[in-house]
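Colleague: Sequence and predicted model, in that order:
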Amino acid sequence: MQLILAGTGTEWLGDKQVPISPGMFVVIPPNTAHGGFTGGPFRLYTVKTPPQDPADYHMTP
């Protein structure tokens, strides 16, 4: 889950680009590739439950 605190732009969620802006709450479904913010800089608060395994980072094409 992410709460966008500052910045506007887009974020990749799966195969879609989603617009983000301050005040938005983004829920990322389990096993969904995500990232690649555009338009930054951004400030956000992220909650990961259960906690993410430090080895669980994968680059996507």
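Modeller: Great, that's in hand.

Colleague: Quick check: buried residues in the helix or strand bottoming out on mean pLDDT in the chain?
Modeller: Least confident helix or strand, the chain: strand 34-38 with a mean of 80, by mean pLDDT, DSSP states H and E. Counting neighbours by 16 or more other CB atoms under 10 Å, one finds that the buried residues in strand 34-38 are Phe37. From N, CA and C alone the C-beta is placed, and that goes for glycine too.

Colleague: just stretch 47-61 next, same as before
Modeller: With the criterion 16+ other CB under 10 Å, stretch 47-61 contains no buried residue.

Colleague: got the CA coordinates for that stretch in PDB?
Modeller: Extracted in PDB, the C-alpha atoms of stretch 47-61 (Å, rounded to 0.1, in the frame of the first residue of the first chain):
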ATOM      1  CA  VAL A  47       3.200  -0.100   4.200                       C
ATOM      2  CA  LYS A  48       4.100  -3.700   3.300                       C
ATOM      3  CA  THR A  49       2.200  -6.500   5.000                       C
ATOM      4  CA  PRO A  50       3.500  -9.000   5.400                       C
ATOM      5  CA  PRO A  51       7.000  -7.500   5.400                       C
ATOM      6  CA  GLN A  52       8.800  -7.900   2.100                       C
ATOM      7  CA  ASP A  53      11.700 -10.300   2.000                       C
ATOM      8  CA  PRO A  54      14.900  -8.300   1.400                       C
ATOM      9  CA  ALA A  55      15.800 -10.700  -1.500                       C
ATOM     10  CA  ASP A  56      12.400 -10.200  -3.200                       C
ATOM     11  CA  TYR A  57      13.400  -7.500  -5.700                       C
ATOM     12  CA  HIS A  58      13.100  -8.200  -9.400                       C
ATOM     13  CA  MET A  59      13.800  -6.000 -12.300                       C
ATOM     14  CA  THR A  60      11.200  -6.000 -15.000                       C
ATOM     15  CA  PRO A  61      11.700  -5.200 -18.700                       C
END
